[in-house]
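# my questions concern the predicted model and sequence given below.
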Amino acid sequence: MLIEAKDLCKYYGKGESEVKALDNACLSIDKGEMTAIVGTSGAGKSTLLHLLGGLDKPSSGVVRYEGENIFDYSERKLARFRLKKIGFVFQFFGLVPELTAWNNIILPAGLNRNADKEYIRHICDTLGINDRLTHYPSQLSGGQQQRVAIARALANKPSVLLCDEPTGNLDEASGKEVMELLARVRKEYGQTVIIITHDSSVAGQCDRIIKINDGKLTENG
Ligand code: ADP
């Protein structure tokens, strides 16, 4: 088992305005699995993904990677863990507008002295963006921007890709293409992938579908 979440609770706010975004969520994910997380808006999907990626801390509960609780780490060690082990892909791409596609892609790798430029070029090749690397985000279509964002997420050879509605801002054809590319990079580089999605055809391409409703998890067989 690669990732284990145990009894994760997350509360936002206090007193009258308290929201229980996650309610004793338990989850285990094997290396190489592609898992969809589905649920209505406000169900707790992003909260869960942020906790799994160490972007936020739970109110209680643990997230273990290969047996280690990441919330026992110091801030510095947690930041290092995120940088090296996790790639994030977001709905609105999150590219830096002032940087070219290539400079966006190598941004996190620049923080990692061991970045492998040869490998990054290979990823760009797989993602079909080699002829767009000198372009700025505003010069790229949504689908191209998301492919650049995926290349950036992969730049440090993370073992896990966490994707929050990666096709949510794309038209159907670009969304399909991005999913095919995610499946291809996962096959080629062996990442474990977790995808939040509203789209049942995206969920249908995953090995597992985990449903979340009012902060509670259930799994489809
Ligand atoms: P989803 O991703 O499924 O739409 P979220 O995880 O974003 O759901 O949110 C779960 C619940 O937590 C919602 O009721 C939302 O309003 C609440 N929530 C999320 N983030 C915050 C926050 N920073 N402060 C207060 N409430 C929040």
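Here it is on my side, so go on.

# near the ligand, which residues of the chain?
Taking C-beta under 6 Å from any ligand atom as the criterion, the neighbours of the ligand within the chain are 12-13, 19, 21, 39, 41-47. No exception for glycine: its C-beta is placed from N, CA and C like everyone else's.

# show me what counts as buried in the helix ranked longest in the chain.
Across the chain, the helix with the greatest residue count (assigned by DSSP state H) is helix 172-189. For helix 172-189, burial by neighbour count (16 or more other C-beta atoms under 10 Å) applies to 174-179, 181-182, 185-186, 189.

# show me the strands in this structure, by range?
3-12, 19-29, 34-38, 60-65, 68-69, 86-89, 160-164, 192-196, 208-213, 216-220 (DSSP state E).

# in this structure Asn169 contacts Phe92, no?
Yes. Counting by C-beta atoms under 8 Å, Asn169 touches Phe92, with 5.9 Å between them.

# between these two, which one's more packed in?
Neighbour totals were compared for Asn169 and Phe92, and Asn169 leads with 16 against 13 (other C-beta atoms under 10 Å).

# how about the more buried one, what does it touch?
Asn169 sits next to 91-93, 142, 146 when contact means C-beta atoms under 8 Å, 6 or more residues apart in numbering.

# and which of those is nearest Asp164?
Of all the contacts of Asn169, Asp164 sits closest to Gln91, with 5.8 Å by C-beta to C-beta.

# quick one: neighbours of that closest one, just the number.
Gln91 has 17 nearby residues by other C-beta under 10 Å.

# would you check that it makes contact with Leu170?
No. Applying C-beta under 8 Å as the test, Gln91 and Leu170 come out as separate, 9.1 Å apart.

# reformat the strands of the chain as JSON lines; add mean pLDDT.
Output for the strands of the chain, formatted as JSON lines (pLDDT from 0 to 100):
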{"stretch": "strand 3-12", "mean pLDDT": "96"}
{"stretch": "strand 19-29", "mean pLDDT": "96"}
{"stretch": "strand 34-38", "mean pLDDT": "95"}
{"stretch": "strand 60-65", "mean pLDDT": "97"}
{"stretch": "strand 68-69", "mean pLDDT": "96"}
{"stretch": "strand 86-89", "mean pLDDT": "94"}
{"stretch": "strand 160-164", "mean pLDDT": "96"}
{"stretch": "strand 192-196", "mean pLDDT": "95"}
{"stretch": "strand 208-213", "mean pLDDT": "95"}
{"stretch": "strand 216-220", "mean pLDDT": "88"}
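
# picking up where we left off before, overlap in contacts, Asn169 and Phe92.
By C-beta under 8 Å, 6+ apart, Asn169 and Phe92 have no common neighbours.

# return the residues in contact with the nearest residue to Ile150 once chain neighbours are set aside.
Nearest non-adjacent residue to Ile150, counting by C-beta to C-beta, 6 or more residues apart in numbering: Val89, 5.7 Å away. Residues in contact with Val89 (C-beta under 8 Å, 6+ apart) are 146, 149-150, 153, 161-164, 166.

# swap the cut-off to 10 Å and go again
Neighbouring residues of Val89 by C-beta atoms under 10 Å, 6 or more residues apart in numbering: 146, 149-150, 152-154, 161-166, 178, 182, 193, 195.

# tell me who's in contact with Ala149.
By C-beta under 10 Å, 6+ apart, Ala149 lies in contact with 87-95, 101, 104-105, 127, 137, 163, 166, 178.
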